[in-house]
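Participant: from the sequence below, what's the structure:
(chains A and B)
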Amino acid sequence: QTVVTQEPSLSVSPGGTVTLTCGLNSGSVSVFSYVSWYQQTPGQAPRPLMFNTNIRSSGAPDRFSGSILGNKAALTITGAQADDDCVYYCALDMGNGIWVFGGGTKLTVL
Amino acid sequence: DVQLVQSGGASVQPGGSLRLSCEASGFFFPEFAMNWVRQAPGKGLEWVSGITGSGGRTYYAASVKGRFTISRDNSRNILYLQMKNLRVEDRAIYYCAQEERGGNRHFESWGQGTLVTVSS
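Facilitator: Just a heads-up that it's a prediction; the model follows:
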């Protein structure tokens, strides 16, 4: 069974830089073409931030960037703001019509 | 603008059935795959099911396969999720999501979510 792993929680100071990662219980994320990231604030539907690993969605601030770090996909926030305090999910298209989400990272900006 | 307006959430008993709907507007519905994603209270996102634009192929998470059926009516721009033999663990907010096409596959637009409660 494919398990997508994310840090359960991270913290960053306002104006600081933080990197969230998205990995697999076995193997490298880089073999999958379609890695995307979503942001969710309480009580709201998720909204897309990044797709194809490193392409920002329309409306996503440019302080968000995506990359591959080793075997994992990464979402970096440079110059974190209070509004970034929420939960972030990555999702992988497994290539057979199946998608898998990571468990989510709760980011605290303080 | 893309809009996905959901309906159908309710409280049902274990073993019961429910059909969720997601009415789409602002884009050419038949050209886009659609998906259902759910979120149990206080938990993360879980992909549930997907369907191609034509409706010819459907996909399911192991947790719902055999109990849930995804379908679409392209003449009315509506996506459905028929849920049968509901279990307590199916309790969640269910979101429909438009899947972007071709080489940019991701969940671009989301419905507002609809709550399904399963309890006796």
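
Participant: which residues does stretch B:57-77 contact?
Facilitator: A:96-98, B:23-25, B:29-30, B:34, B:36, B:46-55, B:78-86, B:89-90 (CB atoms under 8 Å, 6 or more residues apart in numbering or on different chains). C-beta coordinates here come from the backbone N, C-alpha and C atoms, glycine included.

Participant: for that stretch, which positions count as buried?
Facilitator: B:59, B:60, B:61, B:64, B:68, B:69, B:70, B:72, B:77 (16 or more other CB atoms under 10 Å in any protein chain shown).

Participant: any idea which of the residues you listed is closest to chain A?
Facilitator: The nearest member of these to chain A, counting by CB to the nearest CB, is residue B:59 at 3.5 Å.

Participant: excluding chain neighbours, give the residue nearest to the residue of chain A most remote from its centre in space.
Facilitator: Relative to the C-alpha centroid of chain A, counting by CA atoms, centre = their mean, residue A:96 is the outermost residue, at 21.5 Å. Of all residues not flanking residue A:96 in the chain, residue B:59 sits nearest, at 7.5 Å (CB to CB, 6 or more residues apart in numbering or on different chains).

Participant: which strands border the helix or strand containing that neighbour, and is each parallel or antiparallel?
Facilitator: Per DSSP states H and E, residue B:59 falls inside strand B:58-60. Strand B:58-60 pairs in its sheet with strand B:45-51 (antiparallel), by DSSP bridges.

Participant: returning to that earlier point: farthest pair within the buried residues of stretch B:57-77?
Facilitator: B:61 and B:77 (24.6 Å; CB to CB).

Participant: run through chain B and note the low-pLDDT ranges.
Facilitator: Within chain B, not a single segment meets pLDDT under 70.

Participant: enumerate every residue touching the residue nearest the centre of it.
Facilitator: Of all residues in chain B, the one closest to the mean position by CA atoms, centre = their mean is residue B:36, 2.8 Å from it. Residue B:36 makes contacts with B:20, B:47, B:48, B:49, B:50, B:70, B:79, B:81, B:94, B:95, B:96, B:97, as judged by CB under 8 Å, 6+ apart.

Participant: just residue B:47 next, same as before
Facilitator: A:91, A:98, A:99, A:100, A:101, B:35, B:36, B:37, B:61.

Participant: who's in contact with the third one?
Facilitator: Applying CB under 8 Å, 6+ apart, one finds that residue A:99 lies in contact with A:91, A:92, A:93, B:35, B:47, B:50.

Participant: need the residues of chain A near chain B, please.
Facilitator: A:33-34, A:36, A:38, A:40, A:45-48, A:51-52, A:55, A:57, A:87, A:89, A:91, A:93, A:96-104 (CB under 8 Å from any CB of the partner chain).

Participant: so which of these sit within strands?
Facilitator: A:36, A:38, A:40, A:47-48, A:51, A:55, A:87, A:89, A:91, A:93, A:99-101 (DSSP state E).

Participant: output those residues as JSON lines; include the columns pLDDT and distance to residue B:3.
Facilitator: Shown next, in JSON lines, are these (pLDDT from 0 to 100; distance: CB to CB, whole Å):
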{"residue": "A:36", "pLDDT": "97", "distance to residue B:3": "21"}
{"residue": "A:38", "pLDDT": "98", "distance to residue B:3": "19"}
{"residue": "A:40", "pLDDT": "98", "distance to residue B:3": "19"}
{"residue": "A:47", "pLDDT": "96", "distance to residue B:3": "14"}
{"residue": "A:48", "pLDDT": "97", "distance to residue B:3": "16"}
{"residue": "A:51", "pLDDT": "95", "distance to residue B:3": "21"}
{"residue": "A:55", "pLDDT": "95", "distance to residue B:3": "24"}
{"residue": "A:87", "pLDDT": "98", "distance to residue B:3": "24"}
{"residue": "A:89", "pLDDT": "98", "distance to residue B:3": "22"}
{"residue": "A:91", "pLDDT": "97", "distance to residue B:3": "22"}
{"residue": "A:93", "pLDDT": "93", "distance to residue B:3": "24"}
{"residue": "A:99", "pLDDT": "95", "distance to residue B:3": "22"}
{"residue": "A:100", "pLDDT": "96", "distance to residue B:3": "27"}
{"residue": "A:101", "pLDDT": "98", "distance to residue B:3": "23"}
